[in-house]
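**Student:** let me see the structure of the following:
(one chain, ligands or ions: 1)
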Amino acid sequence: MRKQKPVADSFVIMTELVLPNDTNTLNNLMGGRMMHLMDIAAAIAAQKHSNRIVVTASVDNVSFRDAIRLGNVVTLQAQVTRAFASSMEVHIDVWAEDIPNGTKFKTNEAFFTFVAVDQSGRPIDVPEAVPETPEEIAFYDGALRRRQLRLVLAGRMKPAEAQELKALFELQ
Ligand SMILES: CC(=O)SCCNC(=O)CCNC(=O)[C@H](O)C(C)(C)COP(=O)(O)OP(=O)(O)OC[C@H]1O[C@@H](n2cnc3c(N)ncnc32)[C@H](O)[C@@H]1OP(=O)(O)O
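**Tutor:** Alright, predicted model coming up:
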């Protein structure tokens with residue numbers, strides 16, 4: 001029987017201070033640097049779930065809502081939402097905090113997909129991810145639909161095979 005692990009076991013929190021080397025000429029955190037931090041936090045969550053080496057397979061759209069300023073503290077929270085065979089979807093939230101001003105706001109949110117691989121880089125199956133809280137269950141339930149959408153967009157699934165997505169459009 002396939003091993004099961006609570007999704008909460010993969011929870012990761014990562015904190016970084018925005019320093020001059022991380023910023024553009026407007027003293028805002030560069031988007032590429034933000035993506036780098038998100039990739040690391042999300043990869044650690046996928047590693048915690050699978051206890052394997054993981055590679056980034058895809059990143060869903062990341063929008064940069066508000067600029068993060070030099071000197072802000074960036075907090076990233078990542079957790080696996082669902083595991084398929086070798087792939088895992090990870091949800092990540094990002095906040096920026098201005099400690100001297102006492103303000104904290106959410107700046108980004110994204111879904112990353114990681115694939116667990118063996119030493120030769122071949123995909124390998126991972127444990128099932130078990131959601132427990134209502135929020136975890138909602139993320140888990142939506143994960144199949146998001147997986148189908150990203151596989152269709154990546155040309156890895158025929159739209160006609162994306163049953164979960166089709167059902168969504170037929171409902172509305
Ligand atoms: C942490 C890092 O930054 S690592 C560096 C950046 N990432 C990389 O270098 C990864 C390079 N890519 C690869 O190594 C390969 O394409 C892999 C391992 C991701 C997939 O290998 P493939 O030979 O295509 O394997 P295969 O077709 O069997 O798919 C394996 C899994 O990947 C998933 N997958 C493949 N491509 C994508 C994609 N674009 N989006 C989402 N999932 C994907 C598949 O759905 C499958 O999931 P499942 O096993 O849960 O059903």
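**Student:** what stretches of the chain score poorly on pLDDT?
**Tutor:** 171-172 (pLDDT under 70).
**Student:** longest strand in it, please.
**Tutor:** strand 103-117 (DSSP state E).
**Student:** any residue of it up close to the ligand?
**Tutor:** Yes: against the ligand, strand 103-117 shows contacts by Cβ under 6 Å from any ligand atom at 113, 115, 117. (C-beta placed from N, C-alpha, C; glycine too.)
**Student:** ok, so of those residues, who is nearest residue 103?
**Tutor:** residue 113 (32.4 Å; Cβ to Cβ).
**Student:** would you confirm that the closest one contacts residue 149?
**Tutor:** No: counting by Cβ atoms under 8 Å, residue 113 does not reach residue 149; the two are 11.4 Å apart.
**Student:** who's more crowded, those two?
**Tutor:** Using other Cβ atoms under 10 Å, the more surrounded residue of residue 113 and residue 149 is residue 113, with 24 against 17.
**Student:** contacts only, for that one.
**Tutor:** Residues in contact with residue 113 (Cβ atoms under 8 Å, 6 or more residues apart in numbering) are 56-60, 87-90, 147, 150.
**Student:** repeat for residue 97
**Tutor:** Here residue 97 is in contact with 72-75, 103-104 (criterion: Cβ under 8 Å, 6+ apart).
**Student:** how close does the closest residue to residue 76 other than its chain neighbours get to residue 118?
**Tutor:** Nearest residue to residue 76 in three dimensions, chain neighbours excluded: residue 41, at 4.1 Å (Cβ to Cβ, 6 or more residues apart in numbering). Distance of residue 41 to residue 118, computed by Cβ to Cβ, to the nearest Å: 24 Å.
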